[in-house]
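Undergrad: When you get a sec, could you give me coordinates for this:
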Amino acid sequence: MFLKNHWYIAGFREEITEKPLRRLILGEPVVFFRTKDGRAVAFEDRCIHRQVPLSMGSICEDGTLACLYHGIRYDTDGKVTFIPEQTRIPRGAKVRTYKVVEKGYWLWIFGGAPEDANEADIPAYRWFERPGWTAKRRRLHVNCNYKLIVDNLLNMAHLPYVHPRTIGSEGVVKDAVVKITQSDTGVRLARKMYDIEPPPTYKKAGGFEGNVNRWQTIDWMAPSSFEFHTGVVETGHEPPPPEYDVPKINARILDRHAMHSIAPESEKSSNYYVAFSYDPEEYTEELADFLIKQMIDTFEEDVVLLEAQQDNMDLCNNPDELDIVSDGAGLQAMKMLRAMEAAAAGA
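TA: Just a heads-up that it's a prediction; the model follows:
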């Protein structure tokens with residue numbers, strides 16, 4: 001079951017042009033395009049005549065979207081305005097439209113009825129809205145249910161085993177100080193690790209040679225968005241509290257602000273957006289490029305695992321599973337999602 005009365009990333013803002021773009025979101029085909037005045041529009045990607053994808057069509061001089069098959073045209077409200085060989089337009093000849101908002105680097109789409117959309121509910125990425133800051137961004141396609149990605153991002157115990165070449169090290173699961181807190185809108189997983197070996201990514205990016213103190217603060221915003229604040233600092237210095245900027249200290253430190261957001265595509269596929277936000281006065285372009293590449297390398301390792309997990313779950317017909325201590329945050333998230341699904345089903 002998809003949670004439709006929520007906001008999801010449909011794509012990067014620059015992807016939406018006057019050339020129609022098709023995306024599968026929440027099990028539904030959607031076509032996106034820009035009007036002549038630059039406004040982003042989205043409606044269901046099907047012609048009501050014979051179901052041909054409207055994304056195969058083109059934008060006319062009058063701003064309507066014409067179906068490739070027989071030339072039927074739709075205005076930006078999804079209403080049919082022209083049918084060849086007839087002058088009468090049947091009443092109610094239109095396709096479903098979606099509410100879309102451009103915020104930050106992304107185009108957001110509301111999966112429910114447009115009149116129910118509240119822009120204030122769009123996940124806020126505070127580190128990506130800072131004056132003077134910039135970001136590196138990517139999209140990955142993953143053949144798995146979005147919940148598997150949510151669960152993966154809320155359990156850091158897999159790092160030493162799946163990511164030993166990037167962000168994993170033995171210290172991640174050794175004597176970590178873990179705190180899990182739940183709010184009305186999500187779950188926070190905060191982890192601190194003291195006097196541990198830095199993983200390869202931090203060694204290369206920050207030049208760390210000895211042990212470090214490390215932190216991971218992960219905020220999950222239901223149903224499928226995350227804000228990460230992670231980093232390492234020389235031993236002898238306390239990791240910063242998650243609510244504040246990293247203080248200026250006389251020590252080697254490397255902190256990272258990242259976002260993750262998953263747009264469910266189907267029951268077994270997802271579009272996975274990742275980004276890294278930084279101050280160009282503190283990070284060179286070379287370092288920023290290295291860090292986003294490490295992020296992608298890391299999550300491509302996850303993709304291989306997650307797709308294999310989905311395949312096995314399909315074959316094994318959902319057998320009993322063993323929960324372990326490190327599943328705590330993920331279990332809380334899944335409980336919240338089940339409650340949200342139950343509420344939506346009863347609405």
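Undergrad: Scan this protein for its longest helix.
TA: Ordering each helix of the chain by length in residues (DSSP state H) puts helix 285-316 first.
Undergrad: which element follows that helix toward the C-terminus?
TA: Per DSSP states H and E, the first helix or strand lying C-terminal to helix 285-316 is helix 328-346.
Undergrad: Number of residues surrounding E14?
TA: 9 (other C-beta atoms under 10 Å). C-beta here means a position set from N, CA and C on the backbone, and glycine is covered the same way.
Undergrad: Apologies, that question was intended for I122.
TA: So I122, with other C-beta under 10 Å, has 20 neighbours.
Undergrad: For the longest helix of the chain, buried residues please.
TA: 288, 291-292, 294-296, 298-299, 301-303, 306-307, 309-310, 313 (16 or more other C-beta atoms under 10 Å).
Undergrad: For R252, state which of those residues is nearest.
TA: Ranked by distance to R252 (C-beta to C-beta), those are led by L291 at 15.9 Å.
Undergrad: what separates that closest one from L148, distance-wise?
TA: Per C-beta to C-beta, to the nearest Å, L291 is found 25 Å from L148.
Undergrad: now the angle between helix 285-316 and the lengthiest strand in the chain, please.
TA: The longest strand of the chain (DSSP state E) is strand 253-266. Relative orientation of strand 253-266 versus helix 285-316 (axes from the mean of the first three to the mean of the last three C-alpha atoms, to 10 degrees): 40 degrees.
Undergrad: and whichever helix or strand comes after strand 253-266, which strands flank it?
TA: Remark: after strand 253-266, the chain's next helix or strand is strand 269-278, criterion DSSP H and E. Sheet pairing of strand 269-278 (DSSP bridges) gives strand 134-142 (antiparallel), strand 253-266 (antiparallel).
Undergrad: Can you say which helix or strand has T217 in it?
TA: Here T217 is assigned to strand 212-221, by DSSP H and E.
Undergrad: Tell me which other helices or strands that strand touches.
TA: If contacts are counted by 3 or more C-beta pairs under 8 Å, 6 or more residues apart in numbering; DSSP states H and E, strand 212-221 sits against helix 146-153, strand 186-196, strand 225-234, helix 328-346.
Undergrad: The same query, at a cut-off of 6 Å, please.
TA: strand 186-196, strand 225-234 (3 or more C-beta pairs under 6 Å, 6 or more residues apart in numbering; DSSP states H and E).
Undergrad: right, so of those, which gets closest to V80?
TA: The nearest among these, by C-beta to C-beta, is strand 225-234 at 35.5 Å.
Undergrad: Contacts for the closest one next, please.
TA: With contact meaning C-beta atoms under 6 Å, 6 or more residues apart in numbering, strand 225-234 is reached by 123, 153, 198, 202, 212-214, 216-220, 242, 251-261.
Undergrad: so how far is that strand from its chain's centroid?
TA: When C-alpha coordinates are averaged (C-alpha atoms, centre = their mean, to the nearest Å), strand 225-234 and its chain have centres 16 Å apart.
Undergrad: what's the answer for stretch 318-338, then?
TA: That offset, for stretch 318-338, works out to 20 Å (C-alpha atoms, centre = their mean).
Undergrad: Counting neighbours, which bits of that stretch end up buried?
TA: Those would be S326, D327, G328, A329, G330, L331, Q332, A333, M334, M336, L337, for stretch 318-338 by 16+ other C-beta under 10 Å.
Undergrad: List the buried residues in the longest strand of the chain.
TA: 253-265.
Undergrad: ok, what's across the strand from the most centrally placed residue in the chain?
TA: For the chain, the residue nearest the mean C-alpha position is S261 (1.2 Å; C-alpha atoms, centre = their mean). Beta bridges link S261 to S225, Y273 when assigned by DSSP bridges.
Undergrad: was I right about it contacting A10?
TA: No. Using C-beta atoms under 6 Å as the test, S261 is too far from A10 to be in contact (10.6 Å).
Undergrad: So, low pLDDT: which residues of the stretch 201-347 of the chain?
TA: 242-250, 347 (pLDDT under 70).
Undergrad: if we can go back for a sec, any idea which of the helices and strands packed on strand 212-221 is most buried?
TA: strand 225-234 (a mean of 22; mean count of other C-beta atoms under 10 Å).
Undergrad: got the angle between that strand and strand 212-221?
TA: Using the same axes, to 10 degrees, strand 225-234 lies at 170 degrees relative to strand 212-221.
Undergrad: Are there helices or strands packed against the helix or strand hosting A205, and which ones?
TA: For A205, the host element (DSSP H and E) is helix 200-206. Packed against helix 200-206, as judged by 3+ C-beta pairs under 6 Å, 6+ apart, are the following elements: strand 253-266.
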